[in-house]
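Enquirer: can you look at this prediction? I've put the sequence above it.
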Amino acid sequence: MSDVVHVMSEDHKVCDDYFEQAEAAAGSGDMVGCAARFEVFRGALLRHFRQEEEVLFPGFEEATGNTMGPTRMMRQEHEMMRELIERMRLAAEAASAEEYLGAADTLMVLMQQHNMKEEGILYPMCDSVLADQWGELHMKMQDIPPE
């Protein structure tokens, strides 16, 4: 597995694990635990988005000259996911397991589709065009603090 694919796919798995922990708490009616776990998930996912939007995507766009292709679509999907995350935050804050789980179900489908596109298409393209820059880009990504 290549560098971008490996690092970013592993980060997807970490975010997915946090998501599952918060969802399990909501499913068992533990909305206090859900809210706490959700904040960990939210912070990790928003950091992941920032790593892509502030470092990886601009590097790819600069290397390829393409700003209208896959990175544009990924940014649009990030916005859709941010809206669902906000709905989940509000539901967790209101201790509404039903509202939380409804938004979480939608987010899960969107995340699965999104991650498949990144891991199967965009990240391999990044590995191809950013191989010489990956070390520097990866360091910049690590400097982005959690949300």
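Expert: It's in.
Enquirer: got a list of what Val7 touches?
Expert: By CB atoms under 8 Å, 6 or more residues apart in numbering, the contact list for Val7 reads His138. C-beta: built from backbone N, CA, C; applies to glycine.
Enquirer: what separates the helix or strand harbouring it from the chain centre, distance-wise?
Expert: For Val7, the host element (DSSP states H and E) is helix 3-27. Its chain's C-alpha centre and that of helix 3-27 lie 8 Å apart, by CA atoms, centre = their mean, to the nearest Å.
Enquirer: just stretch 125-144 next, same as before
Expert: That offset, for stretch 125-144, works out to 17 Å (CA atoms, centre = their mean).
Enquirer: where do the helices sit along the protein?
Expert: 3-27, 31-51, 57-64, 70-93, 97-117, 123-130, 134-142 (DSSP state H).
Enquirer: would a markdown table of the ones you listed with mean pLDDT be doable?
Expert: Formatted as a markdown table, these follow (pLDDT from 0 to 100):
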| stretch | mean pLDDT |
| --- | --- |
| helix 3-27 | 97 |
| helix 31-51 | 98 |
| helix 57-64 | 96 |
| helix 70-93 | 97 |
| helix 97-117 | 98 |
| helix 123-130 | 96 |
| helix 134-142 | 95 |
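Enquirer: before I go, just wanted to say thanks for your time.
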